[in-house]
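Undergrad: got a predicted structure plus its sequence, pasted below:
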Amino acid sequence: MSKVRHFAKKSSLNYEQLRTFVYSKETLDVQNKITQELRKWGVSCSQSLDNKQIEKYRKRSVINFLNSFNIVQSYKDMSSDEDVTVMLICLLALFDPSASILIAVSSIAFRKVIKFMGTRKHLHYCDAAFSGEIIGAFCLTEIGHGSNIKLLQTTATYDNINDEFVINTPTFEAAKCWSENLGILATHIILYARLITPDGEEHGLHGFIVSIRNAKTLLPHPGITISNIGEKLALNGSDHGFLVFNNYRIPHEGLLNKFADVTKEGVYSMHKDEHQQLFTSFAILVTQRISLISIYSGYSLPITLSLRYAAKSLGNQSYQYRLIPYVAMGYVGIMFAKKLREMEGRYIDYQNDSENVKSFLFGIEMLMVTSASKWLYTTLSRHYSSDCFEASQKHAYLQSTY
Ligand SMILES: Cc1cc2nc3c(=O)[nH]c(=O)nc-3n(C[C@H](O)[C@H](O)[C@H](O)COP(=O)(O)OP(=O)(O)OC[C@H]3O[C@@H](n4cnc5c(N)ncnc54)[C@H](O)[C@@H]3O)c2cc1C
């Protein structure tokens, strides 16, 4: 019997019961099946590549990303399609974080924005992204504008003669950048741009769905300059890109028009006041923060490795005192993320009805809680990863230890 199992047997805590309490039996069944599937692919956390071999990294992550569509299709009847996708993202994050992010953006973020800001005519894009027929990206950040979204410069000018929007990148600072999936993969993007009507009036930032590449050849359409942003310190299997538009035309239906619209003649109408319009447009960031919190709060690999090493090699109590709070933190995080995901449904319904003061206040509360806890969990997971690494004198991370 391995030492880990030996110690697990001595514990007064029934860990199977604990797992069932935390995740539910149905969730564990799907998780186990997905994990077995991932193992069949031959991916493993010990599979390291030379940092210089970016192409190899990318190829591996893209293959894992493409395979993931089959997994979601296979298990979608056992749980909701979104739940299966979130489980897959969290599990794959342990094996191949880059592939996990590729899926998170195309299958979760991209589809959520459409469901949230689009109308019935846009829903077919969600199905196509779910089946992998199209690949989505989310383009908010510009080279010169990150957190301060009010300064974003990309424009979408409505041309009422041709019934189209003309998209432009007015300056180099306005080039979209850092968007995941954008460099080589995405066929469609959610674009945030300033909407301008034919009378020259500007109406602030709006979301659009834009086809950027031929889905078969993956070549960009004319009027679009696009590339991967190149080597990064980490996550080199993921596909961050930049994008410049030059008089690029999209159909009128490209405007995600749940909260505001433009008539064929070019008359703008808004279903909310300017403040609420901006607030609801970016409410989607709340749901993206919840996805990130789900991934990082349950990011258990460092603590699992260190605890196993502790059980195997050390009776050292100070080591245990150092690690146990992280176990507690992991469990609290998983439960907290689960609660946030339950509240997310209510949050989206409320956003559609933000005339109601109660729903508006709930929206603000969710904005604050998710902003703070995204920071908290990403920062804590970075801190505890390195502390677990150091606490085990790095030995826990050696393949030869096991
Ligand atoms: C791995 C990765 C993936 C990404 N994926 C995407 C994606 O898919 N789509 C997309 O659109 N973008 C993406 N981004 C971009 C990301 O959203 C931006 O990096 C982020 O919005 C911050 O913008 P910035 O980098 O320009 O930093 P800045 O906004 O310039 O901020 C720099 C620093 O200043 C601080 N700061 C900024 N404003 C204030 C203020 N008012 N008061 C006090 N301090 C302030 C910030 O906290 C930060 O420390 C990604 C980035 C990374 C690293």
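TA: Arrived safely. Numbers count the residues shown, from 1 in each chain.
Undergrad: only C-alpha atoms from now on, for both contacts and neighbour counts.
TA: Will do.
Undergrad: how close does the nearest residue to residue 140 once chain neighbours are set aside get to residue 254?
TA: The shortest distance from residue 140 to any non-neighbouring residue, by CA to CA, 6 or more residues apart in numbering, is to residue 192 (5.4 Å). In this view, residue 192 and residue 254 are 12 Å apart by CA to CA, to the nearest Å.
Undergrad: find residues that contact each of these two.
TA: By the contact definition CA atoms under 8 Å, 6 or more residues apart in numbering, residue 192 and residue 254 are jointly contacted by residue 208.
Undergrad: what about those two, which has more around it?
TA: Neighbours of residue 192 and residue 254, each counted by other CA atoms under 10 Å, are more numerous for residue 192; the result is 25 against 20.
Undergrad: in a strand, the more buried one, correct?
TA: Yes. Applying DSSP: H, G, I helix; E, B strand; the rest coil, one finds residue 192 inside a strand.
Undergrad: please list all residues in contact with it.
TA: Taking CA under 8 Å, 6+ apart, we find residue 192 in contact with 139, 140, 154, 205, 206, 207, 208.
Undergrad: hey, what's it bridged with?
TA: Per DSSP bridges, residues listed as beta-bridge partners of residue 192: residue 207.
Undergrad: now the helices for the stretch 1-150 of the chain?
TA: With DSSP state H, counting those that start in this stretch as the criterion, the stretch 1-150 of the chain has helices at 3-10, 15-23, 25-41, 54-75, 81-95, 97-103, 110-117, 123-131.
Undergrad: now these in JSON lines, please, with extra columns for distance to the ligand.
TA: Compiled in JSON lines, the helices of the stretch 1-150 of the chain are given as follows (distance: least, CA to the nearest ligand atom, whole Å):
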{"stretch": "helix 3-10", "distance to the ligand": "35"}
{"stretch": "helix 15-23", "distance to the ligand": "28"}
{"stretch": "helix 25-41", "distance to the ligand": "23"}
{"stretch": "helix 54-75", "distance to the ligand": "15"}
{"stretch": "helix 81-95", "distance to the ligand": "14"}
{"stretch": "helix 97-103", "distance to the ligand": "9"}
{"stretch": "helix 110-117", "distance to the ligand": "9"}
{"stretch": "helix 123-131", "distance to the ligand": "16"}
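Undergrad: how about the ones you listed, which one is nearest residue 198?
TA: When the helices of the stretch 1-150 of the chain are compared for distance to residue 198 using CA to CA, the nearest one is helix 110-117, at 23.0 Å.
Undergrad: please name every helix or strand in contact with the closest one.
TA: Helix 110-117 is packed against helix 123-131, strand 136-139, strand 188-196, helix 283-297, with contacts defined by 3 or more CA pairs under 8 Å, 6 or more residues apart in numbering; DSSP states H and E.
Undergrad: quick one: it to helix 283-297, angle?
TA: Here helix 110-117 runs at an angle of 140 degrees relative to helix 283-297 (axes from the mean of the first three to the mean of the last three CA atoms, to 10 degrees).
Undergrad: got any ranges where the stretch 251-400 of the chain has weak pLDDT?
TA: Confidence mapping of the stretch 251-400 of the chain against pLDDT under 70 gives the ranges 272-279, 281, 298-299, 312-317, 351-357, 393-400.
Undergrad: same check on the stretch 1-150 of the chain?
TA: Residues of the stretch 1-150 of the chain that meet the criterion pLDDT under 70 lie in 1-5, 7-8, 42-52, 79.
Undergrad: most tightly surrounded among the helices and strands packed on helix 110-117?
TA: Looking across the helices and strands packed on helix 110-117 with neighbours counted as mean count of other CA atoms under 10 Å, the highest average goes to strand 136-139: a mean of 28.
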